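Participant: A structural model of the following input is requested.
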Amino acid sequence: MHRPGNQEISLPSYVVFQDKIASTALDYCYQYNPDWRCTGVTLCAWPNDTATVVLYANYTISCTGLTCRPVNGTYYKAVINTTDWRVIEFEPANEDIFQEVVSECERVWNATEKK
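Facilitator: Numbers count the residues shown, from 1 in each chain. Alright, predicted model coming up:
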């Protein structure tokens with residue numbers, strides 16, 4: 001990342017790691033179907049060198065006045081091996097997937113920190 005005056009800014013490693021996870025999932029989504037719109041909803045990096053990304057895909061944009069929102073899409077769960085960056089699972093998910101991933105991520109990392 002560059003600043004005016006060409007001063008280097010280094011991002012924290014966890015930000016770079018999360019960005020790599022998100023971009024891997026989004027790239028896979030677009031390769032899966034190039035006609036889709038894909039957006040990341042949330043992600044969790046697990047202690048076992050995998051990460052889960054929740055995506056919202058294949059949606060349309062609906063606008064009312066100046067307010068637009070995505071509609072009629074499908075949630076997808078992508079599981080990524082964070083040692084070789086392969087997508088090892090990519091499947092449709094129910095609408096509860098967001099809360100499931102957030103809750104499980106919090107539970108797992110709280111348990112890991114207590115050890």
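Participant: Low-confidence stretches in this protein?
Facilitator: Low-confidence segments of the chain (pLDDT under 70): 1-9, 115.
Participant: The chain: strands as residue ranges?
Facilitator: 38-45, 50-57, 60-64, 67-71, 74-81, 86-93 (DSSP state E).
Participant: how about CSV for those strands, with distance to residue 32 and mean neighbour count added?
Facilitator: Every C-beta, even on glycine, is put in place using the N, C-alpha and C of the backbone. Listed next are the strands of the chain as CSV, based on distance: least, C-beta to C-beta, whole Å; neighbours: other C-beta atoms under 10 Å:
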stretch, distance to residue 32, mean neighbour count
strand 38-45, 8, 17
strand 50-57, 8, 22
strand 60-64, 18, 9
strand 67-71, 17, 10
strand 74-81, 8, 20
strand 86-93, 6, 13
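Participant: what about the longest helix in this structure?
Facilitator: In the chain, taking DSSP state H as the definition, the longest helix is helix 13-32.
Participant: show me the contacts for residue 71.
Facilitator: 59, 60, 61, 62 (C-beta atoms under 8 Å, 6 or more residues apart in numbering).
Participant: So which of the strands of the chain is nearest residue 12?
Facilitator: Residue 12 sits nearest to strand 38-45 of all the strands of the chain, at 13.7 Å, using C-beta to C-beta.
Participant: Could you tell me the angle between that closest one and strand 74-81?
Facilitator: Comparing the axes of strand 38-45 and strand 74-81 via axes from the mean of the first three to the mean of the last three C-alpha atoms, to 10 degrees yields an angle of 40 degrees.
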